[in-house]
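# Take this sequence and fold it.
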Amino acid sequence: MMWVAGVRALYLQALHPRAVRGVMQNSDFRADAWGRLFRTASFVGTTTYGTTEAAEKAGARVRKIHSKLGATDPDTGERYGVDEPELLLWVHCAEIDSYLHVARRSGFPLTDAQADRYIAEHRVSARLAGLDPDAVPASQAELNAYFEKVRPELAVAEEARAVDDFLLRPPTYFLLIPARELLWRRVAHLAYGALPPYAHELYGRPAPQPSTVTRRLRATGTLLRCIPARLRWQLPPKHILRAMSRLGPDSRPAPYKLGRQLAILDKPGEGGTR
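Numbering: from 1, shown residues only. As a prediction, the model looks like this:
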């Protein structure tokens, strides 16, 4: 379900004109679409399941790249860095909100307290990307307040239209075009449907009724979670298997501990039962 959530995050991130302009002016994601997606997935996997050292190195690499990049506002001629805190914050919040929203709406069992903890823990990934953790939302209430505050800045610029078109029809080998139409477009439509109503209004494309989207997300999540875990974990780049190998045979990813100790990396006193 994180792939659906990741596509939802891209749709949402593209609604900030300054943020999406920074992407469009510094990379040709159409030429290396899948490489870019897998690099993003690898960063998320490293910061989630990797060692502290690996996560710090990944963050330093991202910050170094961003520090060298800038974008130009075509209307005003203003030149700005892509690592401006407000832009990094938008990208971070859109991503974390999407992961949490899709997971819970697809039937993944998280209490409100666990959802708040998830958001708070991701202030670490925000720091790795270059943000001050104290300036990053640490709960659902704070995240919702942030989105309310930033909504007047959102718009569908030319770059957002390009992202929309790309997500519906990403470049692929011609023999794989039928698979793209059958599978990928389903993912893209599901991700688009999971956006908040104001995003649908901005894009100007209709979406199914929220109840229909929820039903589809839950059906998809239920189906995918029926796949044996060991098979799912074989998908590259195998962060989960490497973490389990490093932590020992008794370690299990957090989903298996939601009703017991909350996470495999809890500090003393942090774990508990629910």
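# Ignoring the adjacent residues along the chain, who's closest to residue 99?
Leaving aside its sequence neighbours, residue 99 sits nearest to residue 5 (C-beta to C-beta, 6 or more residues apart in numbering; 4.7 Å). The C-beta positions use only the backbone N, C-alpha and C, and glycine is treated the same way.
# Okay, now the unreliable bits of the protein?
Counting by pLDDT under 70, the chain shows low-confidence ranges at 29-30, 33, 173-176, 254-274.
# got the contact list for residue 5?
The contact partners of residue 5, taken as C-beta atoms under 8 Å, 6 or more residues apart in numbering, are 98, 99, 101, 102, 103, 191.
# want to throw these into JSON lines with secondary structure, distance to residue 181 and neighbour count?
Formatted as JSON lines, those follow (DSSP: H, G, I helix; E, B strand; the rest coil; distance: C-beta to C-beta, whole Å; neighbours: other C-beta atoms under 10 Å):
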{"residue": "98", "secondary structure": "helix", "distance to residue 181": "24", "neighbour count": "24"}
{"residue": "99", "secondary structure": "helix", "distance to residue 181": "26", "neighbour count": "22"}
{"residue": "101", "secondary structure": "helix", "distance to residue 181": "26", "neighbour count": "20"}
{"residue": "102", "secondary structure": "helix", "distance to residue 181": "22", "neighbour count": "25"}
{"residue": "103", "secondary structure": "helix", "distance to residue 181": "27", "neighbour count": "21"}
{"residue": "191", "secondary structure": "helix", "distance to residue 181": "16", "neighbour count": "24"}
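# just checking, residue 27 touches residue 36?
Yes - Residue 27 is within contact range of residue 36, at 7.1 Å (criterion: C-beta atoms under 8 Å).
# any idea how far the residue nearest the centre of the chain lies from residue 222?
Centroid check for the chain by C-alpha atoms, centre = their mean gives residue 95 as the closest residue, at 3.5 Å. For residue 95, the distance to residue 222 equals 24 Å [C-beta to C-beta, to the nearest Å].
# quick one on the thing from earlier: tell me which element the closest residue to the residue nearest to the centre of the chain other than its chain neighbours is part of?
Leaving aside its sequence neighbours, residue 95 sits nearest to residue 9 (C-beta to C-beta, 6+ apart; 4.5 Å). If you go by DSSP states H and E, residue 9 is part of helix 2-13.
# Going toward the C-terminus from that helix, what's the next helix or strand?
Later in the chain than helix 2-13, the nearest helix or strand by DSSP H and E is helix 17-24.
# Show me what that next one is packed up against.
Helix 17-24 sits against strand 70-72, helix 85-105, helix 158-168, with contacts defined as 3 or more C-beta pairs under 8 Å, 6 or more residues apart in numbering; DSSP states H and E.
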